[in-house]
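# Need a 3D model of the following:
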Amino acid sequence: MIEVRNLVKKYGDHLAVDHLSFQIEAGRIYGFLGPNGAGKSTTMNIMTGYLGATEGEVLIDGHDILKEPEEAKRHIGYLPEQPPLYMDMTVREYLEFAAELKGIKKKQRSGEIEEVENLVRIKDAERRLIKNLSKGYRQRVGLAQAVLGFPEIIILDEPSVGLDPKQIIEIRELIRKLAKNHTVILSSHILAEVREVCDYIMIISKGKLVASDTPENLERMLGQNNIVEIEAKTTPTEVRRILKNVPGIERIETQAGVGGTARGMVREKKGEDIRESVFRAFASAGIPLLTLKVSGTTLEDVFMELTRRDTVPAAFEKNTGWKELIPETEGTEDASGHEQETDAAETDAAEADESEGDIVEAGASETDAAEADVVEAGASEVDSRETTAGKGEEKDAGDL
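Here you go, the predicted structure:
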């Protein structure tokens, strides 16, 4: 339905879109995801004919958007990030004006406008001036003009930006309704929004397409071993003692919690499910287990990993296996007992005392510190790590 071929857009020396190629098929909600400045809006504007490309072409149902703009645009409804509204018009006047611009026949205009107003729920505001409408209603009016003429493709650039939570939910519901009869392309940098409504995601970074697949497959590609989060009414030392002989554990990290509790991040070995064994181990020890949950790879993890790199990870190329992308947490050990490599910046800032197994940040004064011990499953001795209280940094399970 839409084919983008080797698209390039330059602004002077700045390369906004870098040889971008992808295809859009009918019947899906596509999420066009990327950080600010990634080239999302520029690509949208080229796809809809608002901008010309430096190189490459965009085909809409076989029609080149630059060579056959009128025919190509018949298939597209577009809502830019800033809706093109005339504030001194009423909603009805604006939609009649938009219908005329789109070439909708006079005898069909009234019926189509009524249908669109009911679809986006602005019928009650059709006689009001647009300048007197709330942000959410203005966004609905912009969406109504995009839907007028009922094109096969609806392109929405940041449709929920600036809306309150209630309005965001309403816009999501409208997008789902549109998807029943249209192909929807949704551009956003809001992960929750894309995950909520899209069934196929394209991630763009620095003008390049770095991944495209369903949300579930993207998470599976990046996903490694699951992390089991636990919290118990005991000490970190006792947590490590209880878990030491539980089978299926690759690595353990513990921290002192609040109110006499201890928190742990436990990495499972591939293909293992340790939850029942962990539960039974704490029950046998008579220790109350307050939290036991699995934390897998999320779309946020995928997004952060892909957009911080200069090249496309091999896992997202066809016929290649996943390669390790997630850096290990500072101070952890692998199954063989060897310390994992850390980020170069962190390594330069840290001194490793190998005889003790402790990692102390360079330049930090000796203060009372939060305990953050990492123990290998099956290890006989416990290696501990002190984290400077002034830093106060807690490890996130998503970084493991």
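
# packing partners for the helix or strand hosting residue 156?
Secondary structure from DSSP states H and E places residue 156 in strand 153-157. Packing partners of strand 153-157 (3 or more C-beta pairs under 8 Å, 6 or more residues apart in numbering; DSSP states H and E): helix 40-47, strand 76-79, helix 135-147, strand 183-188. The C-beta positions use only the backbone N, C-alpha and C, and glycine is treated the same way.

# Phi first, then psi, for residue 149.
phi 90, psi -10 (degrees, to the nearest 10).

# Hmm, I typed the wrong one, I wanted residue 101.
Taking degrees, to the nearest 10, you get phi -60, psi -30 for the backbone angles of residue 101.

# neighbours of it, just the number please.
11 (other C-beta atoms under 10 Å).

# Quick check: it vs residue 52, distance?
Between residue 101 and residue 52 the computed distance is 21 Å (C-beta to C-beta, to the nearest Å).

# Residue 252 now?
57 Å.

# Looking at those two, which one has more neighbours?
Of the pair residue 252 and residue 52, residue 252 is the one with more neighbours under other C-beta under 10 Å, namely 25 against 10.

# That one against residue 264, yeah?
Yes: in this structure residue 252 lies within contact range of residue 264 using C-beta atoms under 8 Å: 6.2 Å.

# tell me, what's touching those two both at once?
Each of 239, 243 lies in contact with both residue 252 and residue 264 under the rule C-beta atoms under 8 Å, 6 or more residues apart in numbering.

# which residues touch residue 279?
Per C-beta under 8 Å, 6+ apart, neighbours of residue 279: 289, 292.

# Going by neighbour count, which residues of whatever helix or strand it lives in are buried?
In this structure, residue 279 sits in helix 275-285 according to DSSP H and E. Residues of helix 275-285 classed as buried by neighbour count (16 or more other C-beta atoms under 10 Å): 275, 277-278, 281-282.

# Off-centre distance for it?
35 Å (C-alpha atoms, centre = their mean, to the nearest Å).

# Output the contacting helices and strands for whichever helix or strand comes after that helix.
Moving toward the C-terminus from helix 275-285, the next helix or strand (DSSP H and E) is strand 289-295. Here strand 289-295 touches strand 227-232, helix 275-285, going by 3+ C-beta pairs under 8 Å, 6+ apart.

# I'd like these as a markdown table, with distance to residue 56 appended.
As requested, these are arranged in a markdown table below (distance: least, C-beta to C-beta, whole Å):
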| stretch | distance to residue 56 |
| --- | --- |
| strand 227-232 | 42 |
| helix 275-285 | 50 |
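
# between those, which one is nearest to residue 85?
Closest to residue 85 of the helices and strands packed on strand 289-295, according to C-beta to C-beta: strand 227-232, at 46.9 Å.

# residues in contact with that closest one?
For strand 227-232, using C-beta under 8 Å, 6+ apart, the contacting residues are 238-239, 257, 261-268, 274-275, 278, 282, 287-296, 397-398, 400.

# 7 Å - rerun?
239, 257, 261-268, 274-275, 278, 282, 287-295, 397, 400 (C-beta atoms under 7 Å, 6 or more residues apart in numbering).

# Can you list the buried residues in stretch 232-245?
By neighbour count with 16+ other C-beta under 10 Å, stretch 232-245 contains the buried residues 232, 234-240, 242-244.

# Revised request: answer the last question for stretch 284-301.
287, 289-290, 292, 297-299, 301.

# The helix holding residue 279 to strand 289-295, inter-axis angle?
170 degrees (axes from the mean of the first three to the mean of the last three C-alpha atoms, to 10 degrees).

# Would you mind checking the average pLDDT for helix 275-285?
Here helix 275-285 scores 92 as its mean pLDDT.

# The chain should start at 50 in everything you say after this.
From this message on, residue numbering opens at 50, which makes the last subject helix 324-334.

# so how far is residue 67 from the closest residue to residue 267 other than its chain neighbours?
The shortest distance from residue 267 to any non-neighbouring residue, by C-beta to C-beta, 6 or more residues apart in numbering, is to residue 351 (4.9 Å). Computed as C-beta to C-beta, the residue 351 to residue 67 distance reads 20 Å.

# Isn't residue 143 up against residue 136?
No: with contacts counted by C-beta atoms under 7 Å, residue 143 stays clear of residue 136, the gap being 9.4 Å.
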